[in-house]
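Participant: Could you look at this predicted model? Sequence included:
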Amino acid sequence: MSNALSYMGCDLTWSDFDDVIGNNTAKELARITEERHDIVHRGKLPYVKRDMAGNTITLIAAMAKLIDEKVCALYL
């Protein structure tokens, strides 16, 4: 992800996300991606609770907010 952001001149690293989110962001995204692959590509029915789904949404929203703040600070 940091490679994609660098194309826009944004220097965010995984540790920047970890600081904001308070968790290992890359590891959490890998877990979410694996669950998605299980559903979409393997036809598995995952165990999901509302809190787990909410945590995923919170993670993605926090990442999007940090990216938005950093990119807007560069170009606005």
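Facilitator: All right, it came through fine.

Participant: Find the residue at the geometric middle of the chain.
Facilitator: Geometric centre of the chain, nearest residue: Ile60, 4.5 Å, by CA atoms, centre = their mean.

Participant: pLDDT wise, what is that residue at?
Facilitator: pLDDT recorded at Ile60 is 94.

Participant: How about the secondary structure of it?
Facilitator: helix (DSSP: H, G, I helix; E, B strand; the rest coil).

Participant: Could you list the low-pLDDT ranges of the protein?
Facilitator: Within the chain, not a single segment meets pLDDT under 70.

Participant: try 90
Facilitator: Within the chain, the stretches with pLDDT under 90 are 1-11, 21, 23, 35-36, 39, 44-53, 55, 74-76.

Participant: Would you map the helices across it?
Facilitator: For the chain, the helices defined by DSSP state H cover 2-6, 14-21, 25-40, 50-75.

Participant: hey, which of the ones you listed is tucked in deepest?
Facilitator: Of all the helices of the chain, helix 14-21 has the most neighbours on average by mean count of other CB atoms under 10 Å, namely a mean of 15. All C-beta atoms are positioned from the backbone trio N, CA, C, and that covers glycine.

Participant: Dump stretch 18-28 to PDB, restricted to CA.
Facilitator: C-alpha atoms of stretch 18-28 as PDB (Å, rounded to 0.1, in the frame of the first residue of the first chain):
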ATOM      1  CA  ASP A  18      -0.500   1.100  13.400                       C
ATOM      2  CA  ASP A  19      -0.100   4.300  15.500                       C
ATOM      3  CA  VAL A  20      -3.600   5.600  14.600                       C
ATOM      4  CA  ILE A  21      -5.400   2.300  14.700                       C
ATOM      5  CA  GLY A  22      -3.500   0.800  17.700                       C
ATOM      6  CA  ASN A  23      -3.100  -2.500  16.100                       C
ATOM      7  CA  ASN A  24      -1.000  -4.300  13.500                       C
ATOM      8  CA  THR A  25      -2.800  -3.000  10.500                       C
ATOM      9  CA  ALA A  26      -1.100  -5.200   7.900                       C
ATOM     10  CA  LYS A  27      -1.800  -8.300   9.900                       C
ATOM     11  CA  GLU A  28      -5.400  -7.300  10.400                       C
END
